[in-house]
Structures are given as structure tokens and as C-alpha cells.
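Asks: sequence plus the predicted model coming up.
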Amino acid sequence: MVQTKEISTAPRVLDQAPAPTAPPTQTTFASPSDMRQLIPPLGLKQYWYPALEDRAVKNKPVGVKICGVDLVFFRDKKGEVSCLWNVCPHRGGSLMHGDCHFPGTISCPYHGWTFDGEGNVLAVFPEGPESKIPGRVVARKYPTRTLKGMVFVWMGDGEPAPIEEDVPPEFFDATTRVFIHTEYWPVHWNVALENGGDAHVPYVHRNSMAMLMQPVGFASALGSKQTIISGRAVAALSAGYGDARQGQAKQPYQRYFPALGGYWPKHRWRLLWTWGTALARKRAANQPPWDWPEEWTAGSTGGGEHHLPGMYRRDYGTHFYTRQSVPVTENLSRQIYYRALRPANWLSRAWQALSYKLYGRWAMYTNFSEQDFRAVAPQRYDTQEHLSPTDIHQIYWRRLVLQARGMMRAEAAAAIPTTDAEKFSSDVQHKEPATPQR
Ligand code: FES
Ligand SMILES: [Fe+2]
């Protein structure tokens with residue numbers, strides 16, 4: 001039996017996560033005017049994407065699927081990670097199941113066609129050195145660039161766009177270090193992404209380790225102001241909760257809900273110890289701003305930002321958080337997290353590495369993000385929505401996706417009429433509905 005060397009794309013169902021009640025689907029939307037059906041289920045192709053870590057590529061081909069496309073990675077003559085379409089131009093063999101017999105090459109497992117990092121055929125083993133094929137066929141190459149240990153790949157057609165437009169600035173900034181972590185979620189890439197910049201944080205994460213260290217807070221019921229930068233990012237300019245930069249001193253800890261006859265949160269016990277972390281929160285709030293272009297940091301003083309082709313970014317003061325959702329198949333996405341840090345000296349470098357390994361990685365990607373996963377895995381993405389004013393960021397983001405490279409012209413996207421769900425969001429912001437919407 002052939003052993004696959006592919007990085008597993010099998011859905012990794014996190015422990016204790018409920019099974020999805022219904023997979024998200026792109027075909028049965030409740031309303032014909034629904035932004036979600038215009039979001040491409042396999043993602044935006046005319047972009048650079050993170051593929052895999054450089055260290056994952058040794059002396060065997062490695063397969064990775066991005067935007068529904070099977071790719072194979074191997075090292076070229078210079079030792080750089082190269083990428084070809086996984087499908088052999090001869091008769092469709094799967095290159096990821098092949099071998100690297102000679103340095104800088106990959107051989108198809110079927111008839112031994114052997115390619116270099118540019119996709120040129122150098123040899124066809126069973127036909128001998130007289131083979132007529134070399135020089136006549138080229139495999140499809142996908143341009144790559146390795147930055148801080150991450151291999152990025154251009155998934156588009158034609159000349160690649162400037163990589164700085166698609167890859168965050170921490171990968172180009174010599175003073176920043178980046179820790180990388182990957183998870184697979186069996187959900188549509190944009191379902192994973194829309195989990196940011198809305199009101200879910202104070203509820204979903206209320207008992208995460210990170211939130212137990214601070215008062216929970218409330219989002220503004222009227223939503224927050226949004227801004228679009230460079231046509232590539234949308235930032236929520238205020239959040240009201242857990243905001244590393246603005247603090248939350250004026251927020252009440254509990255609010256009374258008359259219809260329930262009770263307070264939320266129900267208990268005040270976390271106030272017994274959250275005073276103890278006030279200093280750390282103050283320290284985070286006082287960190288200098290990040291010296292990066294506005295399009296990558298505009299959500300710093302608010303609820304974070306979304307950036308094309310599919311990142312949610314949030315400033316924690318001491319570090320900058322990014323979740324990049326990479327489409328794999330229609331209902332599987334790879335969450336690649338970047339944690340950007342600014343070590344002042346070797347001691348802080350060592351401390352950052354230690355605290356990340358012992359606590360930070362678990363706290364953020366296991367404890368915190370599994371809470372997100374449990375909420376979105378069984379979520380439906382095709383039924384009628386009633387978007388709240390606090391979902392305004394999602395409304396902007398969906399419309400920004402429509403204007404992404406390879407999608408619609410800005411005027412065409414802007415001409416799409418307001419959807420029922422968008423209208424509901426703005427209506428309830430401005431007036432009380434006469435009758436409840438069901
Ligand atoms: S299919 Fe790849 S060498 Fe024949
Ligand atoms: Fe979350």
C-alpha cells in the first residue's frame with residue numbers, strides 16, 4: 001500500500017466538540033439576497049496564502065491543499081521550498097506520493113518524470129537519458145516565498161500581487177518574532193473568520209483562562225464604528241470589552257436584565273482576584289503602538305480587524321494576534337495563528353519562548369480557541385439571520401470580500417442592494433421593532 005506523505009487534511013475534531021448538526025452549505029440559502037452565498041466557498045484565489053512551515057519540508061515531498069487545490073512542496077537546488085501543482089502533467093500522477101531521488105528535484109511515483117523547482121522535466125527514468133520529454137513539458141509552478149519560517153504561496157493566476165499586501169507586516173519586520181500554530185476546523189473558511197469583531201467574546205470566552213483574569217465587560221448594543229483601509233482591511237474602531245489598549249475601568253461588572261429578573265454575569269467571584277492582574281493589563285495597555293501600516297493595525301484600539309484574504313487580527317499590547325483561515329475544502333479550513341512579539345533583549349526573548357510554550361500556546365489556541373470552535377462547528381450558515389448592530393463588522397467584512405482581487409469591481413459590489421439581514425441590523429439600531437422578528 002502506498003504511504004501518503006500528505007499533511008493530514010482529515011478534519012481534526014477537537015475533544016468534546018459537539019458534532020455539527022448540519023454541515024454549512026452553499027446551496028440552500030434562506031433568502032436570495034444573502035451575502036453569504038456570494039462568498040466563494042473555496043476562498044479567494046488571487047492571493048498569497050501561508051502553506052506550511054519551512055521545517056516541515058525535509059527530503060520527501062509534502063502535500064498541502066489550499067483553496068481546494070492539491071499542491072506539493074519540496075526543496076529546489078538552492079534549498080528553498082518550491083511548490084508545484086500536485087497533478088503530474090504526464091498522466092495525472094500524484095507528485096506528493098513521489099520521491100526526491102536527486103537534490104532539488106521531485107519524481108512522479110508513476111513513470112518517474114522528474115521535475116526541478118521551476119517545474120521543468122529534467123529526466124524520465126524508465127525512458128533513459130534519450131527521453132524526448134525533457135525540455136518539452138513544464139509542470140505548473142506556484143510561486144513561493146519563505147518568511148520567518150513560514151512558506152507562503154501565490155494561489156492566483158498571472159503575476160503575483162505584491163506579497164506585502166497579503167502577508168502581515170510582522171513577517172517583514174526584523175525586530176518582530178512570530179510564533180506559528182495550526183489547527184484544522186471542519187467548517188467553511190469564512191465561518192471561522194466571522195468569529196471575530198462581534199459580541200461573542202464576553203459570552204463565549206467568559207470562562208477562558210485569559211478572561212478569568214479580567215472583568216468580562218459588555219459590547220456596545222449599538223455596535224461600533226467600522227473603517228475600511230486600502231480596500232484590503234476593515235477595522236472595528238471600538239469594542240467595549242477586553243480591549244487591551246483602552247482598558248475598561250468605566251464598565252460595570254454586572255448588568256441587570258429586567259426580563260430575566262437577574263444580573264449577568266451571575267457571580268461576582270472573579271472580582272476576588274482580577275485586581276491582581278490589573279497591573280499586567282495596565283502594562284499591556286501602555287505598550288508602544290506597533291510600527292506598522294494602518295491597514296494592519298487599525299483595529300488596535302477597538303475590536304480588531306479583518307484583512308484580506310482571510311485574517312482576523314487583534315492587538316493584545318504585549319503581542320499581536322492573528323488567525324488566518326485558509327480554505328482547504330468547502331467545509332474544512334486550516335486556522336494558522338501568528339503571535340507577533342517584540343523582544344527587547346535576549347532575556348525577554350527567552351521569557352517569551354518559555355511562557356508561550358508553558359502557558360500562552362495552551363491558553364490561546366487550546367483553551368480560548370476551542371471555545372470558538374464549539375460555538376461555530378454546529379453553527380448553520382445558510383438559514384435566515386437576524387444580524388444585530390453588533391454584527392456590523394461582519395456586514396462590512398462580507399462586503400469587503402466581494403471586492404477582493406479576482407472578485408467584483410468595487411462599484412458592482414456596492415451596487416448589490418442591502419440584504420434583509422443588513423437592513424434588520426441597521427433598523428434595530430435606529431428604532432424599536434414594532435413586532436418581534438421570527
Ligand atoms: S503520471 Fe506522472 S510520470 Fe506518468
Ligand atoms: Fe472567539
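Replies: Arrived safely, thanks for sending. Ligands and ions are numbered 1, 2, ... in the order given.
Asks: sticking with the residue lying closest to His200 once chain neighbours are set aside, tell me its helix or strand.
Replies: The spatially closest residue to His200, leaving aside those adjacent along the chain, is Ala375, at 6.8 Å (Cβ to Cβ, 6 or more residues apart in numbering). C-beta coordinates here come from the backbone N, C-alpha and C atoms, glycine included. Secondary-structure element containing Ala375, defined by DSSP states H and E: helix 369-376.
Asks: quick one: that helix to chain centroid distance?
Replies: 14 Å (Cα atoms, centre = their mean, to the nearest Å).
Asks: so, low pLDDT: which residues of the stretch 251-400 of the chain?
Replies: Nowhere does the stretch 251-400 of the chain drop to pLDDT under 70.
Asks: can you give me the strands in it?
Replies: Taking DSSP state E, counting those that start in this stretch as the criterion, the stretch 251-400 of the chain carries its strands at 255-257, 262-264, 304-307, 311-315, 319-329, 332-341.
Asks: which parts of the chain sit against ligand 1?
Replies: Contact residues (Cβ under 6 Å from any ligand atom) of the chain with ligand 1: Cys88, His90, Arg91, Gly92, Gly93, Cys108, Tyr110, His111, Trp113.
Asks: identify the residues contacting the residue nearest to His200.
Replies: Asn195, His200, Val204 (Cβ atoms under 8 Å, 6 or more residues apart in numbering).
Asks: ramachandran coordinates for the last one?
Replies: Per-residue torsions, Val204: phi -60, psi -40 (degrees, to the nearest 10).
Asks: okay, now it: neighbour count?
Replies: In terms of burial, Val204 registers 17 neighbours under the definition other Cβ atoms under 10 Å.
Asks: the first one now?
Replies: Neighbourhood size, Asn195 [other Cβ under 10 Å]: 25.
Asks: surely it meets Gln371?
Replies: No: using Cβ atoms under 8 Å as the test, Asn195 is too far from Gln371 to be in contact (10.0 Å).
Asks: quick one: which of the contacts of Ala375 is nearest to ligand 1?
Replies: Asn195 (40.8 Å; Cβ to the nearest ligand atom).
Asks: and the closest one, that's in a strand?
Replies: No: according to DSSP: H, G, I helix; E, B strand; the rest coil, Asn195 belongs to no strand; its state is coil.
Asks: pLDDT score for it?
Replies: With respect to pLDDT, Asn195 scores 95.
Asks: quick check: His97 vs Pro109, distance?
Replies: Note on His97: its distance to Pro109, by Cβ to Cβ, to the nearest Å, is 5 Å.
Asks: could you do Arg361 as well?
Replies: Distance from Arg361 to Pro109, by Cβ to Cβ: 36 Å.
Asks: please save the CA atoms from stretch 132-141 in CSV.
Replies: Listed next in CSV are the C-alpha coordinates belonging to stretch 132-141 (Å, rounded to 0.1, in the frame of the first residue of the first chain):
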residue,chain,number,x,y,z
LYS,A,132,12.3,13.2,-25.8
ILE,A,133,10.3,14.7,-23.0
PRO,A,134,12.8,16.9,-21.0
GLY,A,135,12.7,20.5,-22.3
ARG,A,136,9.2,20.0,-23.8
VAL,A,137,6.9,19.9,-20.7
VAL,A,138,6.7,22.1,-17.7
ALA,A,139,4.6,21.3,-14.6
ARG,A,140,2.5,24.1,-13.1
LYS,A,141,4.6,26.0,-10.6
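Asks: residues contacting it, please?
Replies: Contacts to stretch 132-141, defined as Cβ under 8 Å, 6+ apart, come from residues 82-85, 87-90, 95, 113, 115, 117-124, 127.
Asks: emit the PyMOL select command for whichever of these are buried.
Replies: Selecting the buried subset of the contacts of stretch 132-141 in PyMOL, with 16 or more other Cβ atoms under 10 Å as the burial test, is done by:
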select buried, resi 82+83+84+85+87+88+89+90+95+113+115+117+119+120+121+122+123+124
